[in-house]
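Engineer: Any chance you could fold what I've pasted below:
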Amino acid sequence: MRGVSKSYGTEVAVAPLDLTVEAGSFVSFLGPSGSGKTTTLKMISGFERPDEGAVLFGDRDITSQPPEQRGVGVVFQNYSLFPHMSVAKNVEFPLRMRGVDRSDRSRRVRAALELVELPHVASRSPHELSGGQQQRVAIARALVFDPALLLMDEPLGALDRRLRETMQLEIKALHERLDVTIIYVTHDQEEALAMSDQIVVFNQGRVEQVGTPQDVYDRPRSLFVADFLGESFSISGQVTGGAFTADGDVPLRLDVADVEEGPARSIWRSGSVSAAPRPGERDSWACVPTTVVASAFAGDHLKLKLRVASGDEGIVSVPPTSSVPIAGDALDIYVDHARAVVVSASGGTA
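Structural biologist: Model prediction:
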C-alpha cells in the first residue's frame, strides 16, 4: 500500500498509509473500533476504493480492479454462508463464479473441506452446524480457489472464549501448512500477540507502530500502544538532561537516550514489576511505594490496580501471596530499571 487514504465526507477513516506485507506472513491489524483497520482491509480486498494512493500485489497495481478479479479470499465475522445452500454448495460457490468445470469443482471442494477437517458435513445446511464449524466452512470457501492472500475480518468475534482459543490455534496451524499470506483484523490484543508474525497497530485512522509481537509489546513507540497492548504500570515525569525524573514524590530516576526533553512516561510490563526484588538482581530494581486501588485473585497470579504518589494508576499481575492485598493497603512495588520504556508525551521512546 503506497500513500493509501480514505475519507467519508469530512471524517478521515484512514490517513495516508504506506505498508508492505511480505508473502507468506501472518499480519494482524490491531486497534479499537473505528481505528481504520477494517477500512484498510476493504481497500485491499477491493470493496472500498482509496481516495488516493495505490494498492499493489507485487508489481501489479490492482487499485482499480473489482474484488472478484483480485484473487483474494475473505472471511467475515458473521460467516456470510448462504442458508439455502448445503455446506458443499457454499464452498463450491467461488469456483462456479470463476467458471471452473464441474469435475474439478467437486475435487477442490472435497480437498477444502478436508483441509478444515469437515468432509463429513458436506451435505448439511449451515444452520445444522456449530459456530466453530460454520467458521471453518467459511475458511474452506475462502481457500477453495487457492488465493495468494487471505483476509480475515474479526473472524472469531462471535465465538465463546474456549472455542475462540481453539480456532486461533487451528488458523495458525493452517497458515503454517499452506504458507498463504494472511491479513487478520482484530481488536483482541491477546489474539494478535498469539497468532501474528507482525502487528500493525491502528489508532484514529493512523498507524501507530508496526513490528513483531515482541517489539510492540516490549518496546511500544507511543503512549497509545503501551496502554492498548497488554497490562502496564506507568509513571509520569519529565525528561531533562538525558534522564527521566518521576513527578510528585515518587523516588525514581532513569537514564534515557533518544527521548526528547519534556513530559514523558516510564512504562513497565507485568514481567518487569514485582512485589519483591528478584534474588541477585536487587541493584537493578527500584522500590516504588503504591496504594492498592483494587485487587483480584486469578489462580496463578494476583491482578492489582495500583496508584502512585503522582496520581498515576496501572494494572499489574504478580505471583500470589499468602494474603491478597485489599483496596487502601500500602504496597511497595519493585520495577526493573533495565526494562523500563520511557515514552515522550509526543511519541519517542528509549
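Engineer: Please make it C-alpha for all contacts and neighbour counts, starting now.
Structural biologist: Noted.
Engineer: Checking the residue of the chain positioned farthest from its centre next. Helix, strand or coil?
Structural biologist: Within the chain, S103 marks the point farthest from the mean C-alpha position, 40.3 Å out by CA atoms, centre = their mean. Following DSSP: H, G, I helix; E, B strand; the rest coil, we place S103 in the helix state.
Engineer: In the stretch 251-350 of the chain, where is pLDDT below threshold?
Structural biologist: Applying pLDDT under 70 to the stretch 251-350 of the chain flags the ranges 277-283, 347-350.
Engineer: Make sure A294 is indeed in a strand.
Structural biologist: Yes. Under three-state DSSP, A294 falls within a strand.
Engineer: Which strand residues bridge it?
Structural biologist: Here A294 sits in beta bridges with K305, going by DSSP bridges.
Engineer: For it, list the residues it contacts.
Structural biologist: By CA atoms under 8 Å, 6 or more residues apart in numbering, the contact list for A294 reads L304, K305, L306, I326, A327.
Engineer: Turn the buried ones among those into a named ChimeraX selection, would you?
Structural biologist: With 16 or more other CA atoms under 10 Å as the criterion, this ChimeraX line picks the buried residues out of the contacts of A294:
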select :304,305,306
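Engineer: if we take the contacts of A294, which one ends up nearest to A243?
Structural biologist: L306 (24.3 Å; CA to CA).
Engineer: from what I can see that closest one touches I315, true?
Structural biologist: Yes. Between L306 and I315 there is a contact at 6.4 Å, judged by CA atoms under 8 Å.
Engineer: neighbours around E128, how many?
Structural biologist: Per other CA atoms under 10 Å, the neighbour tally for E128 reads 12.
Engineer: where's it relative to E114, distance?
Structural biologist: E128 sits 18 Å away from E114, going by CA to CA, to the nearest Å.
Engineer: Against H84, how distant is the residue farthest from the centre of the chain?
Structural biologist: On the measure of CA to CA, S103 and H84 end up 23 Å apart.
Engineer: same check, this time on S295
Structural biologist: When distance is defined by CA to CA, S295 is 51 Å away from H84.
Engineer: repeat for Q168
Structural biologist: For Q168, the distance to H84 (CA to CA) stands at 28 Å.
Engineer: Next: C287.
Structural biologist: From C287 to H84 the distance is 64 Å (CA to CA).
Engineer: Neighbour count: those two, which is higher?
Structural biologist: Ranked by neighbour count (other CA under 10 Å), C287 and H84 place C287 first, with 18 against 11.
Engineer: nearest spatial neighbour of the more buried one, skipping sequence neighbours?
Structural biologist: Leaving aside its chain neighbours, C287 sits nearest to Y334 (4.5 Å; criterion: CA to CA, 6 or more residues apart in numbering).
Engineer: just the strands in the stretch 251-350 of the chain please.
Structural biologist: All strands of the stretch 251-350 of the chain, identified by DSSP state E, counting those that start in this stretch, fall at 253-255, 262-268, 273-274, 285-297, 302-308, 313-318, 330-336, 341-344.
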